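Engineer: Please find the sequence and the predicted model below.
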Amino acid sequence: MSGSEFPKSERLRKRPEFTQFNDGALKMHTQHFLLLCKVNSGCGTRIGFTVSKKVGNAVVRNSIKRRLREFYRQNKSLFIAADMNIVAKKGADLLDYHQITTELAAALGRLRKKYA
């Protein structure tokens, strides 16, 4: 169970950590998600999730965030050492876990190529 944890050190938790993406972050769009990525100062991968009220009610938003957190826990090797924010777009609530995994894995592969 060592690879399936999500400790606080790997999370973006405060507003200033999320607003850093306004200045020069790399943006990668998929059909249902926007990935914002900014190389950090060597503290490993940190990730945050944003799901606005445009996507659905609280139950729907929390469900999407749970699936995104599970994707991160199960696929940490796909992520580069950077601060990332995954923003859900309208329609993300219609995806099941497998569809989320397929879409984000492809986007992270493209992101890895840009930073390689």
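Structural biologist: Cool, got the structure.
Engineer: The chain: strands as residue ranges?
Structural biologist: 26-29, 33-38, 46-51, 83-88 (DSSP state E).
Engineer: Throw those into TSV and include mean pLDDT, thanks.
Structural biologist: Compiled in TSV, those are given as follows (pLDDT from 0 to 100):
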stretch	mean pLDDT
strand 26-29	94
strand 33-38	96
strand 46-51	96
strand 83-88	96
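Engineer: Packed most tightly, which of those would that be?
Structural biologist: A comparison of those by mean neighbour count, using mean count of other CB atoms under 10 Å, puts strand 83-88 on top with a mean of 23. Every residue, glycine included, has its C-beta placed from N, CA and C.
Engineer: Give me the contact list for it.
Structural biologist: Under the contact criterion CB atoms under 8 Å, 6 or more residues apart in numbering, strand 83-88 has outside partners 12, 17-18, 20-21, 32-40, 45-52, 55, 61, 64, 68, 104.
Engineer: in this structure, which residue is closest to the centre?
Structural biologist: In the chain, the C-alpha nearest the mean C-alpha coordinate belongs to Ile86, at 3.1 Å (CA atoms, centre = their mean).
Engineer: Just list whatever residues bridge to it.
Structural biologist: Leu35, Phe49 (DSSP bridges).
Engineer: per-residue pLDDT, Ala116?
Structural biologist: According to the per-residue confidence, Ala116 scores 68 in pLDDT.
Engineer: same check, this time on Ser52
Structural biologist: Ser52 is assigned a predicted lDDT (pLDDT) of 95.
Engineer: count of neighbours near it?
Structural biologist: Neighbours of Ser52 under the rule other CB atoms under 10 Å: 11.
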